[in-house]
Structure formats: structure tokens, C-alpha cells
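Colleague: sequence first, predicted model second:
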Amino acid sequence: MAAFIPFLKSPPRVAVLRLQGMIVAGGRMSGGLSDAALAPVVEKAFRKGRPVAVALAVNSPGGSPVQSALIAARIRRLAEEKKLPVHAFVEDVAASGGYWLATAADDIWVDASSVVGSIGVISAGFGFPEFLARHGIERRVHTAGRSKSFLDPFRPEKAEDVARLMAILDPVHEAFKAQVRSRRGGRLASGDLFTGDIWVGQAAVDQGLADGLGHMVPKLKALYGDKVRLVPYGVKKPFLQRFGGRLLGAAMDEIEERALWARYGV
């Protein structure tokens, strides 16, 4: 008679969702993080294999505030639907939109050298009016609608244009602050954390922007046992990027992304 083999319980699974790179308003071919590119990956992370939790590996200097909001909202909807805890682990940087993504988690863990924060909104550009005048170049602009040449870089900056730009940036900043307050609640330290400043490691924990110093593997083992199985999920890079090809648009995107990373010393 064959020996009876009791049912063996499989080790707990934690889906690991990698959120790395600039957050962009593009689709799957852009190479950055966008809601369109991440949607199937996020869905799979929450639904496949009955995970006990989802971990976010965050390493992003930020980017589009709308895409940040869409991605974070998707993570929260699935977390509530599936009743799964979400843990964020910051690697080099979770700044600006990258921190917005981290706030989708129930707790945030950082390395002692992680850069966190930059809760603000920025618009940057260049102005060339004197260059054109010096070289005898005439700028000709004709618009139907007086606001169409708003912040034209080839004309002197106007105070009314700056005021209108701030009227655009301020509501976005308010939405960012509301996200942080709603997700971090009473954990935030007193004082103004929404100036666009950044904190490193323990300082971010002291400000309530993170919950402690910790790395993914030991922390998840402490939470779910030594036999926990980590299952990675992430967006594959576009074909041309994987094999080193660069179209002009992709090259410009990479220059912009490198400049964004450089703001945080990485």
C-alpha cells in the first residue's frame, strides 16, 4: 500500500514590481514608466499566483505628474480589490513623481543613502531673445488667440506669462501634497515638507516620508518567513533600446532622463 503523502503547503509568494526610470507620458515604446506600459504588468503582479503581498522596487527621479498619479491609483485600486499589503523599497532615488509612486505602498523602506522627496512641480526652459537680436534674426509669430505664443522662448519673458504658468503649476503641486498627506497621514513630521527639498536615508525616515531603513529581501523574509518566494515583474525595454539602437526621439529622451538623474547625484 502506498504511503500517504500529506498536502505540502507552497511557500508564500510576494510579487516584486520594478518601477525604475523616468515617468513619461508615452506608451509601451517610450522606454519610460507610463500607465499604459505598466497596466498589464501591475495587473499580473496582483492577480497571478495568489501573492500574499506586492513589493515595489522604486528607483525613479520623477517625470509626468499625471502618469505618476495614474500608476499610483492603479496600484491602490488593485491593492484594495485584492486586499493585499503593498511595501515600497527605495533604491537610489524616489524623488518627485518617483516618491508619488512610493506613496502607493502601505509602508516605505529606504537605504541609508537613498534620496527621497522633491515634493514639488517644476517647469524649466531657455530664453534666446538677445541671441536672435545679436545675430539679426527676426522672429515672426502669428496667432489666432492671444495665448498661443505663451512663454515663447524667442521673446522676452512676460510677467503675465509667468503668473499664468504658476496658475498651472500650483494645482499640480496641491494634488501632489494631497496624495502624500492621504497616504502618509499622521506619520509626517511637522513643518513644511512640500518645498521641493530632498532628504537622504534616515533623515527621510525622521521626516515621516519613509518608515525605516531596510532592504527588500531581509525585510520581506522578516515579514513573511525565510521561505518567501519573490516573483519579479517589470516592463521590458523596447526592442531598439534592448539592442542598442537609438532613434532621435529615443536619444533625446535618454539625454533628458540622464539630466533628471543627475539632479540627485546618480
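Modeller: Perfect, I can see it now.
Colleague: direction included, what does the strand ranked longest in the chain pair against?
Modeller: Longest strand in the chain by number of residues, with DSSP state E as the criterion: strand 86-95. Looking at strand 86-95 with DSSP bridges, its paired strands and their directions are strand 53-60 (parallel), strand 107-110 (parallel), strand 115-117 (parallel).
Colleague: adding mean neighbour count, distance to residue 82 and mean pLDDT, write those out as CSV.
Modeller: The C-beta positions use only the backbone N, C-alpha and C, and glycine is treated the same way. Below are those laid out as CSV (neighbours: other Cβ atoms under 10 Å; distance: least, Cβ to Cβ, whole Å; pLDDT from 0 to 100):
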stretch, mean neighbour count, distance to residue 82, mean pLDDT
strand 53-60, 24, 9, 96
strand 107-110, 25, 17, 98
strand 115-117, 26, 27, 92
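Colleague: between these, which gets nearest to residue 216?
Modeller: Between residue 216 and the strands paired with strand 86-95, the shortest gap by Cβ to Cβ is with strand 53-60, which sits at 6.0 Å.
Colleague: helix or strand right after that closest one?
Modeller: helix 65-82 (DSSP states H and E).
Colleague: give the other helices and strands that that next one contacts.
Modeller: For helix 65-82, the packing partners by 3 or more Cβ pairs under 8 Å, 6 or more residues apart in numbering; DSSP states H and E come out as helix 35-47, strand 53-60, helix 97-102, helix 159-184.
Colleague: just name the most buried of these.
Modeller: With neighbours defined as mean count of other Cβ atoms under 10 Å, those peak in mean count at helix 97-102, which reaches a mean of 29.
Colleague: pull the residues that contact that one.
Modeller: Defining contact as Cβ atoms under 8 Å, 6 or more residues apart in numbering, one finds that helix 97-102 is touched by 19, 23, 33, 56, 58-65, 67-69, 71-72, 75, 88, 90, 94, 108, 116-119, 176, 179-180, 209.
Colleague: what stretches of this protein score poorly on pLDDT?
Modeller: Applying pLDDT under 70 to the chain picks out residues 1-8, 26-31, 121-133, 135-136, 138-158, 160-162, 165, 237-266.
Colleague: please repeat the previous calculation with a cut-off of 50.
Modeller: Counting by pLDDT under 50, the chain shows low-confidence ranges at 1-2, 4, 29, 240-243, 245-246, 248.
Colleague: related to what we said a few turns ago, so which of the helices and strands packed on helix 65-82 is nearest residue 214?
Modeller: The stretch from these with the least distance to residue 214 (Cβ to Cβ) is strand 53-60; that distance is 11.2 Å.
Colleague: show me what that closest one is in contact with.
Modeller: Contacts made with strand 53-60 from outside it, assessed by Cβ under 8 Å, 6+ apart, are listed as 14-23, 33, 45-46, 75, 79, 84-95, 97-98, 101-102, 104-105, 216, 220, 223-224, 230.
Colleague: same check, this time on stretch 184-197
Modeller: Contacts of stretch 184-197 (Cβ under 8 Å, 6+ apart): 103, 117-120, 122, 173, 176-177, 180-181, 206-209, 211.
Colleague: determine which two of these are furthest apart.
Modeller: Maximum pairwise distance among the contacts of stretch 184-197 (Cβ to Cβ): 26.9 Å, between 122 and 211.
Colleague: between these two, which one's more packed in?
Modeller: When neighbours are counted by other Cβ atoms under 10 Å, residue 211 comes out ahead of the other of residue 122 and residue 211, with 18 against 11.
Colleague: got the phi/psi numbers for the more buried one?
Modeller: When quoted as degrees, to the nearest 10, the phi and psi of residue 211 stand at phi -100, psi -10.
Colleague: looking at it, it is touching residue 109, isn't it?
Modeller: Yes - if you go by Cβ atoms under 8 Å, residue 211 and residue 109 touch, sitting 6.3 Å apart.
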